[in-house]
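>>> Please work out how this folds:
(one chain, ligands or ions: 2)
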Amino acid sequence: TSSTRPQRLLRAVQRKATKGDPQSVISAIDYFCRNSEWAMNVGDEKGPILDSVVCEVSPATALELGTYCGYSSVRIARLLPVGTKLITLEFHPDYACIARQVIQHAGLEDKIFLVEGASGDLIPKMADMFGISTFDFVFLDHWKDRYLPDLKLLEECQLLRKGSVLLADNVICPGTPDYLEYVRNSPRYESRYFQSHLEYTKVEDGLEKSVFLG
Ligand SMILES: COCc1ccccc1-c1cc(O)c2[nH]cnc(=O)c2c1
Ligand SMILES: [Mg+2]
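Ligands and ions are numbered 1, 2, ... in the order given. You can find the predicted model right below:
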């Protein structure tokens, strides 16, 4: 019976990465994607940009939209201080199942709360589910057509505070033009583009960092 790409990615992690060592999990996935099969992880070129923003913000509360196999969940959570948490939302149950195992292999299951479901349904429940008021950091990496509606939902649910940082993947490829237009033209955001490449390729892509001004 045939396996899926996420299953093959997990197998590579279980074979190559050291249990409890997040960096070895990250390296094993990047090696798999460069040498075996491309997969839509933020990757080893945009990943360090994500790392630098997470370190700069040092969030007490962080939200990730789009877990996939857990690669960026591990990248983010490995940098979070004790007592802080990353909430990551994943729509596809099969992806969520793999991500839980990747996160467990990295030893980060106590810092990461993976919730299965649609971001549009779950965002309004975040405050009640996790006893938080606002997010210090949000990483958008799910479906491009949901970036703008989910940003507006975060605003409406008052889950952003003055200084909250949003970082969006794939703003060029596949591209999120309506989201970019909004954060770059709204007086409520200070936005900056970090040029890079689509993971594991030479195609242009980048991350958009937007600070909510309140
Ligand atoms: C399924 O398309 C894969 C693909 C194909 C060609 C170009 C880009 C992408 C791509 C790259 C990413 O980093 C992504 N991140 C999050 N959700 C995505 O759908 C996504 C898609
Ligand atoms: Mg992406």
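>>> only C-alpha atoms for contact and neighbour calcs from this point on.
Will do.
>>> Could you pick out the residues of the protein near ligand 1 for me?
Counting by CA under 6 Å from any ligand atom, the chain comes close to ligand 1 at 40-42, 141-143, 170, 173-174.
>>> Any chance of a markdown table for those, columns neighbour count and pLDDT?
Below are the residues of the chain next to ligand 1 laid out as a markdown table (neighbours: other CA atoms under 10 Å; pLDDT from 0 to 100):
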| residue | neighbour count | pLDDT |
| --- | --- | --- |
| Met40 | 13 | 98 |
| Asn41 | 23 | 98 |
| Val42 | 23 | 98 |
| Asp141 | 23 | 99 |
| His142 | 20 | 98 |
| Trp143 | 14 | 98 |
| Asn170 | 24 | 99 |
| Cys173 | 15 | 98 |
| Pro174 | 12 | 98 |
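>>> which among those residues gets closest to Ile76?
Within those, the smallest distance to Ile76 is 11.3 Å, found for Val42 (CA to CA).
>>> how much space between that closest one and Gly66?
As judged by CA to CA, to the nearest Å, Val42 and Gly66 stand 11 Å apart.
>>> before we move on, what about Phe113?
For Phe113, the distance to Gly66 - CA to CA - is 13 Å.
>>> Looking at those two, which one has more neighbours?
Gly66 (25 against 18; other CA atoms under 10 Å).
>>> hang on, isn't the more buried one packed against Val138?
No. Using CA atoms under 8 Å, Gly66 is not in contact with Val138; the gap is 10.9 Å.
>>> Strands along the protein, start to end?
Secondary structure of the chain, counting by DSSP state E: strands at 61-65, 85-90, 112-116, 135-140, 160-168, 189-197, 204-212.
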